[in-house]
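Next comes the sequence, and after it the predicted model I'd like to discuss.
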There are 2 protein chains.
Amino acid sequence: MNTNRDNRGWAIESIIGVDLGGSTIRLGAVTKDGKLGHFTKIDVPADRDKNAIVSFIVNSIKDILLTEEQSGNRVLAAGIGSPGIINTDKGIIVTSPNFPGWKNVPLKKLIEKYIKIPVFINNDANSAAYGEKWIGAGRRVSSMICLTLGTGIGGGIIIDHKVWHGAQGMGGELGHITVNPEGPLCNCGNYGCLESYSSATGMVRSAMGLINAGKRTKLLKLSRSKKGNITAKMIYDAAKEGDSLSINILREAGKYLGIAIAGFINILNPEMVVLTGEVTGAYEFFFPALREEVEKRAYTAIIRHTKIVRGRLKGTAGTIGASGLAWDKLI
Amino acid sequence: MNTNRDNRGWAIESIIGVDLGGSTIRLGAVTKDGKLGHFTKIDVPADRDKNAIVSFIVNSIKDILLTEEQSGNRVLAAGIGSPGIINTDKGIIVTSPNFPGWKNVPLKKLIEKYIKIPVFINNDANSAAYGEKWIGAGRRVSSMICLTLGTGIGGGIIIDHKVWHGAQGMGGELGHITVNPEGPLCNCGNYGCLESYSSATGMVRSAMGLINAGKRTKLLKLSRSKKGNITAKMIYDAAKEGDSLSINILREAGKYLGIAIAGFINILNPEMVVLTGEVTGAYEFFFPALREEVEKRAYTAIIRHTKIVRGRLKGTAGTIGASGLAWDKLI
């Protein structure tokens, strides 16, 4: 047998990390030191059908298992980061705004039926937070808040080096604090959540509202005059071309992020706030407004100690962190 | 020597707890089991002069020390709960909105100069939270949020049975999250903080604003037509007499408390939220609006697990908790 050994002569051990997103699944085998191998990205079927997604995950895990075993490596477990409210003890997705119709889905059980290694389920943003804490921007701090800015806004809280999951494993829903009681309807059913302003979805909604109100913007050209085609990426591209409507949307997203982050800082006094997810690509447009609100609203005595930085792991934070959380369970 | 013994024949040991409030200092000797003896209340001089307050505290501690020692009891330390941002490691009051002009006051050192036992300083609301967790409403939970509703609004966070102090000991400033970005100016310099709506000060400010705008209210009679005399207690009394302006102020205070608490629940998923402080006397007027907002804004999956209750220790939570936090340091 062709057996890989690490530099101490041991067979390489890994845990597969799975970052289950609304549009993409990202998987990889991650060693105990946080080294990522065999990274793959798969598109999620547009209808987000539960059975199809489960079999996608199962097949991808099996592929990695096969490759690793053929190399003589050991895969000890799989850790999955999933959006929504997760019962981490039982491995159940209680509810997930990104997968409508998913209610009390026993994902751990569904997957363990087909593979022979134990499976652990965590929230996707908690996984990303743990990834950044483990080997990313937060590796030198003991307390940290991580916001994942994407289709939605997720969050993870690190306290004393560990993820704070909450009493029922449902903590860290940082996207769903009210930043404006009279604000727009959010996917979660509440009004004026952070997510309704500063997520990709929220910014697209803002753009549509302004276009419907007759405002001029380059977004119409970029979307070939189909409002339904507008994406957050287009808002960023238009902002770079000087489109003032798009610049204002990104600035407003930053303002509400700042209001929320000032609150998180006053509540938790973490050492660091880490911003990750695709929306951080537009950092230069939203960060100045974010910083301005934080300076205005967080206690000066606290804010002068708190770093607000971008994540370092880019698209792999969730995969690495999902594996890391599973490593923690096994050790 | 006349020596008191506990029922195992040991000399009784205690730590003095001091709850330093904006208008009152409450002290008592507290045993390792949380039993409170020799409880005293002293009014704070109206000018809140630093030296006068320090000597008040020193003299009161000396009184208790003398009494306890004359009974053959041992006093091991003193724990002080002070409003404001506290550097708990060094025992310094960094800043305190309730004591204007107090900046970087080394309270621990100032008091230890005059007494022979070690002194520990914590935030007053963290102390109250710890008191409620130790022997009050939260004694059976491991995670909890405590809000102290008084002149200002303080907060304490219990995670894994311990107070979460934050990276620089400045966490738990739950009164200073923004609940309305366009809201009124708060004592902290920010706009639209929870404290600016739902504290005693905030409610009195609301009443003055409405009276200035020409609204009719029984408050004018209760305050003998002097707006400056209006207190939160008067607003509560007027509400009980059916005064609609006062009822609305209390309802609005409850609404913003609910918005904030929904956020705390989504962020931290604690087992319990405990409300304490003088404003909780008006519970029947603010709680229905509070509950309504929490139901609307917190994730259903989380809120059905979370108890929202009143504290059990009434005016002694801060004293007992300040002692408890010091006990934790000594053990």
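Yes, it's here. Treat the numbers as computed from the prediction; the structure is a model and nothing was measured.

Quick check: which element contains A:Gly17?
strand A:13-20 (DSSP states H and E).

which bits of the stretch 51-200 of chain A sit near chain B?
Residues of the stretch 51-200 of chain A that fall close to chain B, judged by CB under 8 Å from any CB of the partner chain: A:85, A:94-95, A:141-143, A:155, A:157, A:159, A:164-174, A:176-181, A:188, A:190-191. Using the backbone N, CA and C atoms, a C-beta is placed for each residue, glycine as well.

Return the residues in contact with A:Lys109.
By CB atoms under 8 Å, 6 or more residues apart in numbering or on different chains, the residues touching A:Lys109 are A:Gly91.

A:Ala78 now?
A:15-18, A:61, A:111, A:115, A:117-120, A:326.

Quick check: of those residues, which lies closest to B:Arg251?
Nearest to B:Arg251 among the contacts of A:Ala78: A:Phe120, at 45.1 Å, using CB to CB.

Are any of the residues of the stretch 51-200 of chain A next to chain B buried, and if so which?
Restricting those to buried positions leaves A:85, A:94-95, A:141, A:143, A:155, A:157, A:159, A:164-174, A:176-181, A:188, A:190-191, with burial counted as 16 or more other CB atoms under 10 Å in any protein chain shown.

mean confidence score for the strand holding A:Gly17?
Averaged over strand A:13-20, pLDDT sits at 96.

Now do the helix or strand following that strand against strand A:13-20, angle only.
Note on strand A:13-20: by DSSP H and E, the next helix or strand toward the C-terminus is strand A:24-31. Per axes from the mean of the first three to the mean of the last three CA atoms, to 10 degrees, the angle that strand A:24-31 makes with strand A:13-20 is 160 degrees.

Centre of the chain to whatever helix or strand comes next after strand A:24-31, how far?
For strand A:24-31, the following helix or strand on the C-terminal side (DSSP H and E) is strand A:36-43. Here the centre of strand A:36-43 is set off from its chain's centre by 16 Å, with CA atoms, centre = their mean, to the nearest Å.

Adjacent strands (with direction) for strand A:36-43?
strand A:24-31 (antiparallel) (DSSP bridges).

ok, so of the contacts of A:Ala78, who is nearest chain B?
When the contacts of A:Ala78 are ranked by distance to chain B (CB to the nearest CB), A:Phe120 comes first, at 18.6 Å.

what about the strand or helix carrying the closest one, average pLDDT?
Applying DSSP H and E as the criterion places A:Phe120 in strand A:119-123. When pLDDT is averaged along strand A:119-123, the result is 96.

Render the CA-only coordinates of that strand in PDB, please.
C-alpha atoms of strand A:119-123 as PDB (Å, rounded to 0.1, in the frame of the first residue of the first chain):
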ATOM      1  CA  VAL A 119     -20.500  13.600  11.300                       C
ATOM      2  CA  PHE A 120     -20.700  16.800  13.300                       C
ATOM      3  CA  ILE A 121     -23.000  19.700  12.300                       C
ATOM      4  CA  ASN A 122     -22.400  23.400  13.200                       C
ATOM      5  CA  ASN A 123     -23.700  26.700  12.000                       C
END
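
that older thread, out of the buried ones among the residues of the stretch 51-200 of chain A next to chain B, list just those in strands.
A:85, A:94-95, A:155, A:157, A:159 (DSSP state E).

For these, could you give me a markdown table that also reports pLDDT?
A markdown table is the format used below for these (pLDDT from 0 to 100):
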| residue | pLDDT |
| --- | --- |
| A:Ile85 | 88 |
| A:Val94 | 90 |
| A:Thr95 | 86 |
| A:Gly155 | 96 |
| A:Ile157 | 98 |
| A:Ile159 | 97 |
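
what about the helices in the stretch 201-331 of chain A?
A:219-222, A:232-240, A:244-268, A:283-297, A:300-303, A:317-330 (DSSP state H, counting those that start in this stretch).

Kindly reformat the ones you listed as TSV and extend each row with distance to chain B and mean pLDDT.
Converted to TSV, those look like this (distance: least, CB to the nearest CB, whole Å; pLDDT from 0 to 100):
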stretch	distance to chain B	mean pLDDT
helix A:219-222	26	93
helix A:232-240	22	97
helix A:244-268	4	98
helix A:283-297	5	97
helix A:300-303	5	83
helix A:317-330	15	96
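
highest average neighbour count across the ones you listed?
helix A:317-330 (a mean of 27; mean count of other CB atoms under 10 Å in any protein chain shown).

Which elements pack onto that one?
Judged by 3 or more CB pairs under 8 Å, 6 or more residues apart in numbering or on different chains; DSSP states H and E, the packing partners of helix A:317-330 are strand A:13-20, strand A:24-31, strand A:36-43, strand A:74-82, strand A:119-123, helix A:124-135.

least reliable of the ones you listed going by mean pLDDT?
Mean pLDDT is lowest for strand A:36-43 out of the helices and strands packed on helix A:317-330, coming in at a mean of 90.

quick one: average pLDDT of the next helix or strand after that strand?
Using DSSP H and E, the helix or strand that follows strand A:36-43 in sequence is helix A:50-70. Computed over helix A:50-70, the mean pLDDT rounds to 92.

Show me the contact partners of helix A:50-70.
With CB under 8 Å, 6+ apart as the test, helix A:50-70 has contacts from A:2, A:14, A:16, A:18, A:20, A:25, A:27-29, A:38, A:40, A:42, A:44-45, A:74-75, A:78, A:80, A:99, A:101-102, A:105, A:107, A:110-111, A:114-115, A:117.

Would you report the backbone torsion angles of the closest residue to A:Val309 other than its chain neighbours?
Of all residues not flanking A:Val309 in the chain, A:Ala137 sits nearest, at 5.2 Å (CB to CB, 6 or more residues apart in numbering or on different chains). When quoted as degrees, to the nearest 10, the phi and psi of A:Ala137 stand at phi -60, psi -30.

Surely A:Ala137 is in contact with A:Ala317?
No. Counting by CB atoms under 8 Å, A:Ala137 sits too far from A:Ala317 to count as a contact (9.2 Å).

List the residues that are in contact with both of the two.
With CB under 8 Å, 6+ apart as the test, A:Ala137 and A:Ala317 both reach A:Gly311.

Let me have the ones in strands among the buried ones among the residues of the stretch 51-200 of chain A next to chain B in CSV, extended by distance to A:Ser198.
Shown next, in CSV, are those (distance: CB to CB, whole Å):
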residue, distance to A:Ser198
A:Ile85, 20
A:Val94, 24
A:Thr95, 22
A:Gly155, 12
A:Ile157, 18
A:Ile159, 24
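
In terms of distance to A:Ala125, which of those residues ranks first?
The closest of those to A:Ala125 turns out to be A:Gly155 (CB to CB; 5.2 Å).

measure the closest one to A:Ile235 for me?
To A:Ile235, A:Gly155 is 22 Å away according to CB to CB, to the nearest Å.

same thing with A:Glu292?
20 Å.

And the residue of the stretch 101-250 of chain A that's closest to chain B?
A:Gly166 (2.5 Å).

nope, the stretch 201-331 of chain A is what I was after
For the stretch 201-331 of chain A, CB to the nearest CB, closest residue to chain B: A:Asn269, 2.5 Å.
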